[in-house]
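**Q** Let me see the structure of the following:
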Amino acid sequence: GKLQTIKALIVNIRAALQHVKAIAEQLPRVDRWATLVRYICQRIAQSIAPSPALNALPATG
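**A** Here you go, the predicted model:
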């Protein structure tokens, strides 16, 4: 349920922070935030299922 979703989100956020922390010292300050945001967006995009194809209805009349 909702609790499991929240726990999964927290795990993902922790993973993102660890990912950025591992490379942060090698990047300028601005790039640290860009890396974090890009990582989070990629994770969100992966979790969103593609929208189903819309089937066109035949024209009548």
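**Q** where's the residue nearest the centre of the chain relative to residue 9, distance?
**A** Centroid-nearest residue in the chain: residue 44, 2.0 Å away (criterion: CA atoms, centre = their mean). Distance of residue 44 to residue 9, given as CB to CB, to the nearest Å: 10 Å. (C-beta placed from N, C-alpha, C; glycine too.)
**Q** Need the residues touching each of the two.
**A** Residues touching both residue 44 and residue 9 by CB atoms under 8 Å, 6 or more residues apart in numbering: none at all.
**Q** what about the closest residue to residue 16 other than its chain neighbours, how many neighbours?
**A** Taking CB to CB, 6 or more residues apart in numbering as the measure, residue 16 lies nearest to residue 39, with 4.9 Å between them; neighbours along the chain are not counted. Neighbourhood size, residue 39 [other CB atoms under 10 Å]: 16.
**Q** quick one, what contacts residue 39?
**A** 16, 19, 20.
**Q** element containing it?
**A** If you go by DSSP states H and E, residue 39 is part of helix 29-47.
**Q** Identify each buried residue in that helix, please.
**A** 32, 35, 36, 39, 40 (16 or more other CB atoms under 10 Å).
**Q** before we move on, what about stretch 16-32?
**A** For stretch 16-32, the neighbour count (16+ other CB under 10 Å) marks 16, 20, 24, 32 as buried.
**Q** Return the subset of these lying in helices.
**A** 16, 20, 24, 32 (DSSP state H).
**Q** From the residues you listed, pick the one nearest residue 60.
**A** Nearest to residue 60 among these is residue 16, at 51.0 Å by CB to CB.
**Q** For residue 24, see how far away that closest one is.
**A** On the measure of CB to CB, residue 16 and residue 24 end up 12 Å apart.
**Q** Pick out whichever of the ones in helices among the buried residues of stretch 16-32 sits closest to residue 5.
**A** Of all those, residue 5 sits closest to residue 16, with 16.5 Å by CB to CB.
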